[in-house]
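J.: Turn this into a structure:
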Amino acid sequence: MPKTRTVFYCQKCGYQSPKWMGRCPDCETWESLVEERVASEAEEGTDRWLTKQPLASEQLQPTRISEIVALSGAFFQTGLSELDHVLGGGIVPGAVILIGGDPGIGKSTLLLQALNLASEKRKALYVSGEESAEQIKRRADRLRLAPEGLYLLAETTLEEILHHAEALKPAVMVIDSIQTIYTRALPAAPGSVSQIREAASQLMIYAKRSNTAIFIIGHVTKDGAIAGPRLLEHIVDTVLYFEADRGHAYRMLRSVKNRFGAVHEMGVFEMRGSGLVPVSHPSGVFLSDRPKAAAGSVVVACARGERPLLIELQALVAPSYLGMARRTALGVDANRVSLLVAVLEKRAGLHLAGQDIYMNVVSGIEINEPAVDLGLALCIASSFKDRPVNANTVVFGEMDLLGEIRPVQHPRQRIYEAQKLKFTRCILPARNKEILEREESKLPKIELLGVTHIMEALQWIQ
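T.: Predicted coordinates for the structure are as follows:
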């Protein structure tokens, strides 16, 4: 019987210590070190299932990169357009994809719908450690899914899961969730750092060896990060976050890591009784109930990855009756809003020191792009002066501490997205306008107003 030893693991970052400490010295989180019993280094891993299997890579030899033939058309579609968009075109065989989100957000529903469509042409295996096969079948019946090539397995032991996968040979597999899977080779409890790390590593090895694409569902902590060691995000190929504002029916799927496509892409789904429905044109949905000619409301053109999005910003500026004025922001960085307020005071002469300022991004989306600076500034100025911005105007541009408006990336995509939604005017950095006029032989049918300073932009407030 292998010898065991006691190790204290940080449940947030995976830091390992031989003794307990009140605060993790790596991530500086308090009360995060938990005692776990692990096998000794000499014995650890001798009973692992995969170590007994001959790996195809053992017969491989180093090869010149020029001699390697890349597979063409390696992607295969899931059938959900927004999921395929975020993944970079579809699923790559052998890819390991980690998806996290709050409980009840729809992670299991999303992947069950994806496997239903993907299994029409290939085998798919759904492994659940949290629900029985009957419970998953009830959900499939509620969603009116009847896949012939989808197999269900209620199992938590890693060795058994890999044994069934070897026999079935699915093209895509879902693990729901990684916190419930454990290997007999380690004495630690399921969900511990060592079990999560070991299970994810073994699944990654199996995926690369068998060319099976694996979706791994991960629980999230109270601050929104995927539970377990950060190593979990490093070893997988793609990391997705499924999130939403509880008050809205829309769900946002965003990528923070993708080895096969662009990062920071975003897909939008609407939760209905029949399941998650992809929203192919989210800008029109987000702006459908926008008020017309309202002071403090501005439409900005932001970009999530390579996709342009038109979002409504709202600001409320009111006199403060406290000793210190309040600055509250939802959906944007509050520090960024405070910075822009200071620039408006210094460079534009707006007296905002005694004003409470509240900012909100409509539809519950979070925006961290500098290209919305100009929109934020015009939104605040519009509410302060109680004069609306023209309802057919869209805005984008970055603003520095001198009040200068700097160019941003992807101006062409932003403008054409605004033109699709019948906007007639666009306020943008003058440098972006010059580049478009020089490179474009046929400009979009929308009035382009190039500005170089915040004072020029403020002139377009009615």
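J.: Which parts of the stretch 351-462 of the chain are helices?
T.: Under the criterion DSSP state H, counting those that start in this stretch, the stretch 351-462 of the chain carries helices at the ranges 373-385, 411-420, 430-439, 454-458.
J.: can you check the chain too?
T.: Taking DSSP state H to define them, one finds helices in the chain at 81-87, 107-118, 133-142, 158-168, 193-210, 231-235, 282-286, 334-348, 373-385, 411-420, 430-439, 454-458.
J.: and the nearest residue to residue 158 once chain neighbours are set aside, what pLDDT?
T.: Counting by Cβ to Cβ, 6 or more residues apart in numbering, residue 183 is the residue found nearest to residue 158 once chain neighbours are left out, at 4.3 Å. Backbone N, C-alpha and C define where each C-beta goes, glycine included. With respect to pLDDT, residue 183 has a value of 92.
J.: One more: residue 265?
T.: At residue 265, the pLDDT recorded in the model is 87.
J.: With residue 306 instead?
T.: What the model reports for residue 306 is a pLDDT of 77.
J.: just checking, it touches residue 414?
T.: No. Residue 306 is not in contact with residue 414 according to Cβ atoms under 8 Å; the separation is 11.4 Å.
J.: ok, longest strand in this protein?
T.: Counting residues, the longest strand found in the chain (DSSP state E) is strand 307-319.
J.: returning to that earlier point: between the helices of the chain, which gets nearest to residue 220?
T.: Shortest separation from residue 220 across the helices of the chain is recorded for helix 107-118, at 9.9 Å, computed as Cβ to Cβ.
J.: Name the residues that touch that closest one?
T.: For helix 107-118, contacts defined as Cβ atoms under 8 Å, 6 or more residues apart in numbering pick out 76-80, 83, 91, 99-101, 124, 126, 128, 131, 136, 139-140, 143, 145-147, 150, 171-172, 174, 176, 215, 217, 242, 253, 269, 275-276.
J.: Report the inter-axis angle for it versus helix 133-142.
T.: Relative orientation of helix 107-118 and helix 133-142, computed by axes from the mean of the first three to the mean of the last three Cα atoms, to 10 degrees: 70 degrees.
J.: Next up, the contacts around the residue nearest to residue 402 when sequence neighbours are not counted.
T.: Nearest residue to residue 402 in three dimensions, chain neighbours excluded: residue 347, at 6.8 Å (Cβ to Cβ, 6+ apart). Neighbour list for residue 347: 402-403, 453-455 [criterion: Cβ under 8 Å, 6+ apart].
J.: would JSON lines of these with neighbour count, distance to residue 11 and pLDDT be doable?
T.: As requested, these are exported to JSON lines (neighbours: other Cβ atoms under 10 Å; distance: Cβ to Cβ, whole Å; pLDDT from 0 to 100):
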{"residue": "402", "neighbour count": "11", "distance to residue 11": "46", "pLDDT": "95"}
{"residue": "403", "neighbour count": "19", "distance to residue 11": "46", "pLDDT": "95"}
{"residue": "453", "neighbour count": "15", "distance to residue 11": "50", "pLDDT": "96"}
{"residue": "454", "neighbour count": "25", "distance to residue 11": "46", "pLDDT": "96"}
{"residue": "455", "neighbour count": "12", "distance to residue 11": "52", "pLDDT": "95"}
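J.: Pick the most deeply packed of the helices of the stretch 351-462 of the chain.
T.: For these, average neighbour numbers computed from mean count of other Cβ atoms under 10 Å are highest in helix 373-385, which has a mean of 25.
J.: Output the contacting helices and strands for it.
T.: For helix 373-385, the contact count by 3 or more Cβ pairs under 8 Å, 6 or more residues apart in numbering; DSSP states H and E identifies strand 297-304, strand 307-319, helix 334-348, strand 355-361, strand 393-395, strand 398-399, strand 425-429, helix 454-458 as packing neighbours.
J.: roughly how far apart are the residue nearest to residue 402 and residue 391?
T.: Taking Cβ to Cβ, to the nearest Å as the measure, residue 347 falls 27 Å from residue 391.
J.: again, but for residue 110
T.: The separation that residue 110 has from residue 391, given Cβ to Cβ, amounts to 35 Å.
J.: which one of the two has more residues nearby?
T.: For residue 110 against residue 391, the residue with the higher neighbour count under other Cβ atoms under 10 Å is residue 110, and the figures read 27 against 16.
J.: per-residue confidence for that one?
T.: The predicted structure scores residue 110 at 94 on the pLDDT scale.
J.: Next, format the helices of the stretch 351-462 of the chain as JSON lines and append distance to residue 157.
T.: Rendered in JSON lines, the data for those read as follows (distance: least, Cβ to Cβ, whole Å):
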{"stretch": "helix 373-385", "distance to residue 157": "52"}
{"stretch": "helix 411-420", "distance to residue 157": "48"}
{"stretch": "helix 430-439", "distance to residue 157": "57"}
{"stretch": "helix 454-458", "distance to residue 157": "62"}
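J.: So for residue 294, which of those helices sits nearest?
T.: helix 373-385 (8.8 Å).
J.: Identify the bridge partners of residue 215.
T.: As for beta bridges, residue 215 partners with residue 97, residue 174 under DSSP bridges.
J.: State the distance from residue 210 to residue 164.
T.: Per Cβ to Cβ, residue 210 is found 13 Å from residue 164.
J.: So for these two, which sits in the more crowded spot?
T.: Shown here are residue 210 and residue 164; by other Cβ under 10 Å, residue 210 has more neighbours (19 against 15).
J.: residues contacting that one?
T.: The contact partners of residue 210, taken as Cβ under 8 Å, 6+ apart, are 94, 165-166, 169.
J.: Can you add distance to residue 302 and give these back as TSV?
T.: Compiled in TSV, the contacts of residue 210 are given as follows (distance: Cβ to Cβ, whole Å):
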residue	distance to residue 302
94	34
165	41
166	46
169	43
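J.: Going through these, which ones are buried?
T.: Neighbour counting with 16 or more other Cβ atoms under 10 Å marks 94, 165 as buried within the contacts of residue 210.
J.: Of the contacts of residue 210, which is the nearest to residue 396?
T.: Using Cβ to Cβ, residue 94 is the member of the contacts of residue 210 that sits closest to residue 396, with 38.9 Å.
J.: Find the residue closest to the closest one in space, skipping its chain neighbours.
T.: residue 211 (4.6 Å).
J.: That neighbour: neighbour count?
T.: Counted by other Cβ under 10 Å, the residues lying close to residue 211 total 15.
J.: doesn't residue 93 make contact with it?
T.: Yes. At 4.4 Å, residue 211 counts as touching residue 93 under the criterion of Cβ under 8 Å.
J.: pLDDT-wise, which helix or strand of this protein ranks last?
T.: Within the chain, no helix or strand scores below strand 33-39, which has a mean of 75 by mean pLDDT, DSSP states H and E.
J.: That strand - which strands sit beside it in the sheet, and in what orientation?
T.: According to DSSP bridges, strand 33-39 forms sheet pairs with strand 4-10 (antiparallel).
J.: Only alpha carbons, please: show the strand it pairs with as PDB.
T.: The C-alpha trace of strand 4-10 is given here as PDB (Å, rounded to 0.1, in the frame of the first residue of the first chain):
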ATOM      1  CA  THR A   4       0.800   8.900   2.200                       C
ATOM      2  CA  ARG A   5       1.800  12.400   3.400                       C
ATOM      3  CA  THR A   6       0.000  15.500   4.500                       C
ATOM      4  CA  VAL A   7       0.100  18.600   2.300                       C
ATOM      5  CA  PHE A   8      -1.800  21.900   2.600                       C
ATOM      6  CA  TYR A   9      -3.100  23.200  -0.700                       C
ATOM      7  CA  CYS A  10      -4.500  26.700  -1.500                       C
END
